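# Return a 3D structure for these sequence lines:
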Amino acid sequence: MNAPKLKEVEAFFFTAMLKGWVSQGEKGSFSDMPGYEIGVDYMDDGFRLLDIYCTTSLSVRSAGTTTIWYQDVPVWFMSYGGEYAKESIPFLKQALFATYSKREFVGGRGSDRILSSNDTMIYMNQPVSYHFSQFRGHEKIVRITDGVTLGWHDYQGLSLF
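Here you go, the predicted structure:
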């Protein structure tokens, strides 16, 4: 098997991510891992992207992974985890969708700063490194009126070839 070009993997990432959780795509449970849900499971032209995440009734914490395979060989990986208040999740989806729609890679998450349409929240992404081949960073959503952080995730990932 020849390795795909990194730009092909990145292009597939955006296509696949726009088909799932951020766009209200189909959700389902991941039977091999109780408590996990599928955010995206998309296949095309030898590629597959599987994004799975877990939440718990014990807190607002969550964690997940996104893996891309090419011809059944893992070629790219991201992990993320933190916590988000329920009220901030629709805005988180909007921020990620807006960035993926522009095919803008900022550590696999949203753009540096995005203001909610009603000016009540701001999404901020602080990548330490943000290249598709290797990245890590911290994102958060803050309520503008009082500066309260409504959620955050730390993330990291890399190309596996």
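# moving C-terminal of the helix or strand of the chain with the lowest mean pLDDT, what's the next helix or strand?
Lowest on mean pLDDT, DSSP states H and E among the helices and strands of the chain sits strand 28-29, with a mean of 66. The C-terminal neighbour of strand 28-29 among helices and strands, as given by DSSP states H and E, is strand 36-44.
# Going by neighbour count, list what's buried in that next one.
Neighbour-count burial for strand 36-44, counted by 16 or more other C-beta atoms under 10 Å, picks out Tyr36, Glu37, Ile38, Gly39, Val40, Asp41, Tyr42. All C-beta atoms are positioned from the backbone trio N, CA, C, and that covers glycine.
# I'd like these as a markdown table, with pLDDT and distance to Ile144 appended.
Shown next, in a markdown table, are the buried residues of strand 36-44 (pLDDT from 0 to 100; distance: C-beta to C-beta, whole Å):
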| residue | pLDDT | distance to Ile144 |
| --- | --- | --- |
| Tyr36 | 90 | 33 |
| Glu37 | 90 | 30 |
| Ile38 | 90 | 33 |
| Gly39 | 90 | 27 |
| Val40 | 92 | 30 |
| Asp41 | 93 | 35 |
| Tyr42 | 95 | 34 |
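# any idea which of those is closest to Gly137?
Gly137 lies nearest to Gly39 out of the buried residues of strand 36-44, by C-beta to C-beta, at 19.0 Å.
# In contact with that closest one, which residues are there?
Gly20, Trp21, Lys27, Asp51, Ile52, Tyr53, Gly64, Thr66 (C-beta atoms under 8 Å, 6 or more residues apart in numbering).
# Please repeat the previous calculation with a cut-off of 7 Å.
Gly20, Trp21, Asp51, Ile52, Tyr53, Gly64 (C-beta atoms under 7 Å, 6 or more residues apart in numbering).
# Sitting in strands, which of these do you find?
The members of these that map onto strands under DSSP state E are Asp51, Ile52, Tyr53, Gly64.
# Tell me how many other residues surround the first one.
This means Asp51. 22 (other C-beta atoms under 10 Å).
# beta partners for it?
Note on Asp51: beta-bridge partners Val40, Thr66, judged by DSSP bridges.
# chain center to the one helix or strand Phe12 maps to, what's the gap?
Element membership for Phe12 (DSSP H and E) is helix 6-17. Relative to its chain's centre, helix 6-17 lies at 13 Å (C-alpha atoms, centre = their mean, to the nearest Å).
# Dump that helix to CSV, keeping only the CA atoms.
Output of helix 6-17 as CSV, limited to C-alpha atoms (Å, rounded to 0.1, in the frame of the first residue of the first chain):
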residue,chain,number,x,y,z
LEU,A,6,-1.2,14.3,3.8
LYS,A,7,-3.2,16.9,1.9
GLU,A,8,-5.6,14.1,0.8
VAL,A,9,-6.1,13.1,4.4
GLU,A,10,-6.7,16.7,5.5
ALA,A,11,-9.3,17.2,2.7
PHE,A,12,-11.0,14.0,3.8
PHE,A,13,-11.0,15.2,7.4
PHE,A,14,-13.1,18.3,6.5
THR,A,15,-15.5,16.4,4.3
ALA,A,16,-16.1,13.7,6.9
MET,A,17,-16.4,16.1,9.9
